[in-house]
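Novice: Give me coordinates for this.
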Amino acid sequence: MHAGWVPLADRRLYCFEIGKGPPVLLLHGMTSAGIAWRAQGIALANAGFRVIVPDMVAHGASDPVDRPVTVPELVSDLRAILDHFEADRADLVGVSMGGTVSLAAAVEMPERVNRLVIVNSGPSTALPEFQAMLSKWAVTLRGQDGPSKLLDELWPFSVNKVFSESDEGRQTYQIWHAVAAKVDGQAMAHVVEGVAGFDITERLPTIAAEMLLIGGGADPAAAQMRALSATLPNARYDEIPGAKHLANVDEADAFTQRLLGLLG
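Specialist: Numbers count the residues shown, from 1 in each chain. Here you go, the predicted model:
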């Protein structure tokens with residue numbers, strides 16, 4: 001088990017590593033952090049995998065930035081992480097924006113990607129409604145206590161009510177709120193704005209990696225995931241009933257079972 005920083009040209013990325021075996025990268029969503037994968041990290045390590053969990057730039061404990069950061073730059077960050085940990089290839093598991101970055105990585109550096117698990121995500125941030133949402137997030141993030149306030153706004157859409165009202169849900173919220181309270185809202189807003197307008201839809205057929213698309217039954221993104229799976233020859237779709245956007249969090253056991261079913 002190891003935690004520390006991956007040095008880049010102008011900043012550092014905080015990463016947590018646990019286990020030994022084939023490498024798996026777990027990529028969190030926008031405005032979240034690597035701690036979102038705590039259940040899956042332990043399960044994968046116990047199953048014989050080397051699990052690497054980064055905090056994206058300006059998220060969690062990673063360094064802030066003073067400029068927009070694009071999806072292709074986030075893919076470059078993944079390459080740097082793999083190089084740092086001396087991993088030639090890895091399985092990528094990404095939720096929400098982490099899923100978009102995973103898809104982009106499979107297109108831009110297929111030689112470094114084994115299998116993909118994409119959760120409530122998609123290949124584009126260019127839809128007008130998506131860009132409007134990101135712009136609204138950026139405004140909130142730049143306000144006083146912006147990251148904490150955005151967490152409060154997104155929490156009901158991120159996890160289902162049963163989880164939110166459980167002991168585990170309350171503990172998770174407390175931990176996440178403490179992490180958000182220390183994040184630089186201006187820096188996170190730069191990343192939110194930088195990823196807007198990205199679209200890799202037309203290049204998806206070039207992905208040769210085996211792919212599992214997981215949708216939360218209570219999340220609107222599930223419809224997009226279902227439709228996407230029908231267009232990709234190496235992809236299959238699985239849905240977790242009752243799960244919302246962060247299906248790996250509010251339905252952690254069901255999600256982990258599906259994850260191990262592909263990777264195990």
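Novice: In this structure, what residue spans correspond to helices?
Specialist: Remark: helices assigned in the chain by DSSP state H are 38-46, 71-84, 97-108, 128-142, 146-158, 161-164, 167-181, 185-194, 221-229, 247-250, 252-263.
Novice: Pick the most deeply packed of the ones you listed.
Specialist: Of all these, helix 247-250 has the most neighbours on average by mean count of other Cβ atoms under 10 Å, namely a mean of 28. For glycine as for every other residue, the C-beta is placed from the backbone atoms N, C-alpha and C.
Novice: Pull the distance from it to the chain's centre.
Specialist: How far helix 247-250 lies from its chain's middle: 12 Å, per Cα atoms, centre = their mean, to the nearest Å.
Novice: thinking again about what came up before, need the helices of the chain in JSON lines (columns: mean pLDDT and distance to residue 241).
Specialist: Conversion of those to JSON lines gives the following (pLDDT from 0 to 100; distance: least, Cβ to Cβ, whole Å):
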{"stretch": "helix 38-46", "mean pLDDT": "96", "distance to residue 241": "18"}
{"stretch": "helix 71-84", "mean pLDDT": "98", "distance to residue 241": "31"}
{"stretch": "helix 97-108", "mean pLDDT": "97", "distance to residue 241": "20"}
{"stretch": "helix 128-142", "mean pLDDT": "96", "distance to residue 241": "25"}
{"stretch": "helix 146-158", "mean pLDDT": "98", "distance to residue 241": "17"}
{"stretch": "helix 161-164", "mean pLDDT": "98", "distance to residue 241": "12"}
{"stretch": "helix 167-181", "mean pLDDT": "97", "distance to residue 241": "18"}
{"stretch": "helix 185-194", "mean pLDDT": "98", "distance to residue 241": "30"}
{"stretch": "helix 221-229", "mean pLDDT": "91", "distance to residue 241": "10"}
{"stretch": "helix 247-250", "mean pLDDT": "98", "distance to residue 241": "10"}
{"stretch": "helix 252-263", "mean pLDDT": "96", "distance to residue 241": "8"}
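Novice: For those helices, give me a markdown table that also has distance to residue 58.
Specialist: Below are those laid out as a markdown table (distance: least, Cβ to Cβ, whole Å):
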| stretch | distance to residue 58 |
| --- | --- |
| helix 38-46 | 21 |
| helix 71-84 | 11 |
| helix 97-108 | 12 |
| helix 128-142 | 10 |
| helix 146-158 | 10 |
| helix 161-164 | 26 |
| helix 167-181 | 12 |
| helix 185-194 | 4 |
| helix 221-229 | 23 |
| helix 247-250 | 21 |
| helix 252-263 | 26 |
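Novice: Those helices: which one's closest to residue 13?
Specialist: Proximity to residue 13 (Cβ to Cβ) singles out helix 71-84 among the helices of the chain, at 6.2 Å.
Novice: Tell me the helices and strands packed up against that closest one.
Specialist: Applying 3 or more Cβ pairs under 8 Å, 6 or more residues apart in numbering; DSSP states H and E, one finds that helix 71-84 makes contact with strand 2-7, strand 12-18, strand 23-27, strand 50-54, helix 97-108.
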